[in-house]
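Engineer: Got a sequence here, can you model it:
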Amino acid sequence: MTVITLTTDFGTDDAYVSIMKGVILSINPNANIVDICHTVRPQNITQAAYILSTAAGYFPEGTIHVAVIDPGVGTKRRAVLLVGPNSYYIGPDNGVFSYVASQATPRMHAFELTNERYWLHPVSHTFHGRDIFAPVAAHLSIGVAPHELGTPITSLSGVTLSRPYHHEDGTLIGKVIHIDHFGNLITDIMKEDMPKGRVFIEVFGHIIDDISTSYEDEEGLLAIFGSDDRLEVSITQGSAASYLRAKIGDEVKVGATKTSLRTGKSKNQ
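Structural biologist: Below you'll find the predicted structure:
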């Protein structure tokens, strides 16, 4: 049974997601449809790209991932299919697959979806999730080959993927790239980016001494590596985002600790 996942910014108050599922099931009644996320902030391509990348690697080989965060729907932006080593990705060519494409080894093959035979007609100018992406995913799931769905292409549109950098004083400067449901600030700093030895983390003037191993190691602000090995700033029994009034793009600094501080405790609370 083929798995088809859906990631959208459609929310759950309207019928859009259910309509896409209906289209898929009308073509392949045996499809196993899994929702990754439908509460991506409206038109937030970068957030969707990150969320999809955190989930995609845990699905079975052959999974088809459909992502519809599509502020350019109805324009000349391309509809694309990416063929990876273990899975497929279908959606608009607007950068929503930037993270998964950057992580793929070997490199993915890409196709522009041009064969209207596999679309739902008439095609709306505002709902390509229903009329192009869902039916293409369903046809792919029943054995239609990628080259039958479109034309090979050699480049894709992308979003700039945030990466930390070293300041001239040696401090590692990263950014918040995602704020999760719990208010944890997820950064672009990976475990392998970190300085060796004991470290401090600075965010909005608060100093956090070293890395915690659980969300309740200490009271107050703490830093921890999340499940995808990214540095997170959290707060015990609360929302770090609300406490700090943080937003995506804010800076987080990491440096080597030179003085003895109390582990896991913010010095500015």
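Engineer: Name the helix or strand of this protein that has the lowest mean pLDDT.
Structural biologist: Ranking every helix and strand in the chain by mean pLDDT, DSSP states H and E puts helix 98-103 at the bottom, with a mean of 89.
Engineer: Can you check which strand is longest in this structure?
Structural biologist: Scanning the chain for the strand with the most residues, using DSSP state E, yields strand 172-179.
Engineer: Could you list every helix and strand in contact with that strand?
Structural biologist: Strand 172-179 sits against helix 45-56, strand 165-166, strand 185-190, strand 230-235, strand 251-256, with contacts defined as 3 or more Cβ pairs under 8 Å, 6 or more residues apart in numbering; DSSP states H and E. (Glycine included, C-beta is placed from N, CA and C.)
Engineer: try it again with 10 Å
Structural biologist: On a contact count with 3 or more Cβ pairs under 10 Å, 6 or more residues apart in numbering; DSSP states H and E, strand 172-179 meets helix 45-56, strand 165-166, strand 185-190, strand 199-203, strand 230-235, helix 240-244, strand 251-256.
Engineer: what residue ranges in the stretch 151-269 of the chain score low on pLDDT?
Structural biologist: 258-269 (pLDDT under 70).
Engineer: Just give me the residue closest to the centre of this protein.
Structural biologist: Tyr50 (1.7 Å; Cα atoms, centre = their mean).
Engineer: Gly197 versus that one, what's the distance?
Structural biologist: Tyr50 sits at a distance of 29 Å from Gly197 (criterion: Cβ to Cβ, to the nearest Å).
Engineer: now Val136
Structural biologist: Val136 is 51 Å from Gly197, by Cβ to Cβ.
Engineer: Please say which of those two ends up with more neighbours.
Structural biologist: Neighbours per residue (other Cβ atoms under 10 Å) separate Val136 from Gly197, with Val136 holding more: 31 against 8.
Engineer: pLDDT wise, what is that one at?
Structural biologist: We have a pLDDT of 98 for Val136.
Engineer: can you list the domains in the chain?
Structural biologist: Per automatic domain parsing, the domain ranges recorded for the chain read 3-153, 165-256.
Engineer: Break down the stretch 1-150 of the chain into its strands, ranges please.
Structural biologist: Under the criterion DSSP state E, counting those that start in this stretch, the stretch 1-150 of the chain carries strands at the ranges 3-8, 32-37, 63-68, 79-83, 87-92, 109-113, 150-153.
Engineer: wait, which of those is closest to Phe127?
Structural biologist: Closest of the strands of the stretch 1-150 of the chain to Phe127 is strand 63-68, at 9.1 Å (criterion: Cβ to Cβ).
Engineer: helices and strands around that closest one, which ones?
Structural biologist: strand 3-8, helix 16-27, strand 32-37, helix 45-56, strand 87-92, helix 134-141.
Engineer: rewinding a little: can I get the domains of the chain in JSON lines with distance to Val159?
Structural biologist: Shown next, in JSON lines, are the domains of the chain (distance: least, Cβ to Cβ, whole Å):
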{"stretch": "domain 3-153", "distance to Val159": "4"}
{"stretch": "domain 165-256", "distance to Val159": "11"}
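Engineer: Looking at the strands of the stretch 1-150 of the chain, spot the one closest to Ile224.
Structural biologist: Nearest to Ile224, of all the strands of the stretch 1-150 of the chain, is strand 32-37, at 22.0 Å by Cβ to Cβ.
Engineer: residues contacting Leu149?
Structural biologist: Leu149 is in contact with 79, 81, 90, 111-115, 117-119, 136-137, 139-140, counting by Cβ atoms under 10 Å, 6 or more residues apart in numbering.
Engineer: And for Tyr165?
Structural biologist: Thr171, Leu172, Ile173, Gly174, Lys175, Asp188, Asp193.
Engineer: Ok, Val40 next?
Structural biologist: Neighbouring residues of Val40 by Cβ under 10 Å, 6+ apart: 7-11, 46-52, 67-69, 96.
Engineer: Many thanks, I have nothing further to ask.
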